[in-house]
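Peer 1: would you be able to build a 3D model of this:
(one chain, ligands or ions: 1)
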Amino acid sequence: MRVVIVGAGAMGCLFGFLLHKAGKEVCFLEKHPVLVKHIKENGIHVEGISGEHHIFPPITSEAKEITRADLILIFVKAFDTYQAILSAKPLVGQESVVLTLQNGIGNVEEIVKVVDQKRTIAGTTAHGATVLGLGHIRHAGTGETVIGELDGNKTPRLEKVKTFLESAGIKVQLTQDVIGLLWSKLLINVGINPLTGITGLRNGELLDYEETRAIMHRAVNEAKVVADRKGICLIYPNHLQKVETVCQATAQNISSMLQDIRNKKKTEIDFICGAILREGKKFGLDLPINQALTHLIHLLENLGQNI
Ligand code: PAF
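Peer 2: Numbers count the residues shown, from 1 in each chain. Prediction:
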């Protein structure tokens, strides 16, 4: 199976590295020429729980330089998904599969604007990675990757993707309710990402303070109300406990949103709390905590960009 990873950020580099290390045919499609040049010349450096590695996978910003893709893994930030899938479109053949494991709600919707829904599968991953520099990452945590067909069917190709990823040491589970899965991950991101972005705390430290815990609980409860109104079947019996468990399991992680704030980059807030606000609005719901978190992250983005 020939894999194309779209986006050579933290998670793209991590999955690309795990597949490359297992001897799979991997190529990167990355839009930033500086990053492409850097990785061509210096490779990808990985440190952390998988040990120290240095690999030189092929990378390009032109899909036409890639001959074929059986599996296309989208690992760009949610606000770049549309452009990313447009750039990868020439690679999507009759048998190709596009897999998104990105954070937030809205990625699947963007992908199916460009490629046939039948070519797309979605999921979540609990692997964590931190960017330390261009093409240089720390593998911060492992965990399960869960994938499913959009229509809930258990298909042979889903099994094939699972077997393929598992042969690279990536543990995979299948789900028949991918929407429930994406919303369950969304609640985790609502609880962790904006609060870490605003306070500068690591995931685990959010549990050390009454104040952050209180805001986390209220934000996640608001998101749960929206999910319930939409009739989403959340997969964890106790969503608040799940958010806390993820904080503990990823205690040392610098969340993706905190990384973005520190690096003065645009965050995924509009696809996390912003998605809760958009969906809640359809039911006339007032969601003050998600609104405040969204405002504060936007403010930090603007301040960062103005420094
Ligand atoms: O976005 C992230 O950083 C991750 O999805 C999570 C689960 C919050 C862990 O850091």
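Peer 1: what about I272, distance to N107?
Peer 2: According to CB to CB, to the nearest Å, I272 stands 12 Å off from N107. The C-beta positions use only the backbone N, C-alpha and C, and glycine is treated the same way.
Peer 1: same question, V225
Peer 2: For V225, the distance to N107 - CB to CB - is 23 Å.
Peer 1: name the secondary structure element that contains L293.
Peer 2: helix 288-306 (DSSP states H and E).
Peer 1: ok, that helix near the ligand or not?
Peer 2: No - Helix 288-306 stays clear of the ligand (CB under 6 Å from any ligand atom), getting no nearer than 12.9 Å.
Peer 1: list the helices and strands that helix packs on?
Peer 2: helix 178-199, helix 210-230, helix 256-262, helix 273-281 (3 or more CB pairs under 8 Å, 6 or more residues apart in numbering; DSSP states H and E).
Peer 1: between those, which gets nearest to Q83?
Peer 2: Q83 lies closest to helix 256-262 among the helices and strands packed on helix 288-306, at 17.5 Å (CB to CB).
Peer 1: highest mean neighbour count out of the helices and strands packed on helix 288-306?
Peer 2: Most buried of the helices and strands packed on helix 288-306 by mean neighbour count (mean count of other CB atoms under 10 Å) is helix 178-199; its value is a mean of 24.
Peer 1: which other helices and strands does it contact?
Peer 2: Using 3+ CB pairs under 8 Å, 6+ apart, the elements in contact with helix 178-199 are strand 120-125, strand 145-149, helix 210-230, helix 239-249, helix 256-262, helix 273-281, helix 288-306.
Peer 1: that helix close to the ligand?
Peer 2: Yes - using CB under 6 Å from any ligand atom, helix 178-199 reaches the ligand at I188, N189, I192, N193.
Peer 1: now do stretch 220-231
Peer 2: No - on the criterion CB under 6 Å from any ligand atom, stretch 220-231 is out of touch with the ligand, staying 12.3 Å away.
Peer 1: return the distance of that stretch from the chain's centre.
Peer 2: With CA atoms, centre = their mean, to the nearest Å as the basis, stretch 220-231 stands 21 Å off its chain's centre.
Peer 1: just to revisit the earlier point, want to throw the helices and strands packed on helix 288-306 into TSV with mean pLDDT?
Peer 2: What follows is the helices and strands packed on helix 288-306, written out as TSV (pLDDT from 0 to 100):
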stretch	mean pLDDT
helix 178-199	98
helix 210-230	98
helix 256-262	97
helix 273-281	98
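Peer 1: low pLDDT regions in the chain?
Peer 2: 306-307 (pLDDT under 70).
Peer 1: excluding chain neighbours, what is closest to the most centrally placed residue in it?
Peer 2: Centroid-nearest residue in the chain, with CA atoms, centre = their mean: Q102, separated by 2.6 Å. Among residues not flanking Q102 along the chain, A78 sits closest, at 5.7 Å (CB to CB, 6 or more residues apart in numbering).
Peer 1: now do the contacts for the one you found.
Peer 2: Shown in contact with A78 (CB atoms under 8 Å, 6 or more residues apart in numbering): Q102, N103, G104, G106, N107, E268, D270, F271.
Peer 1: the third one contacts I276, doesn't it?
Peer 2: Spelled out, that is G104. No - counting by CB atoms under 8 Å, G104 does not reach I276; the two are 10.3 Å apart.
Peer 1: who touches both of these two?
Peer 2: Common neighbours of G104 and I276 (CB under 8 Å, 6+ apart) are L186.
Peer 1: so T130 is in which element?
Peer 2: Assessed by DSSP H and E, T130 sits inside strand 128-133.
Peer 1: is the ligand within reach of that strand?
Peer 2: Yes - judged by CB under 6 Å from any ligand atom, strand 128-133 comes into contact with the ligand through G128.
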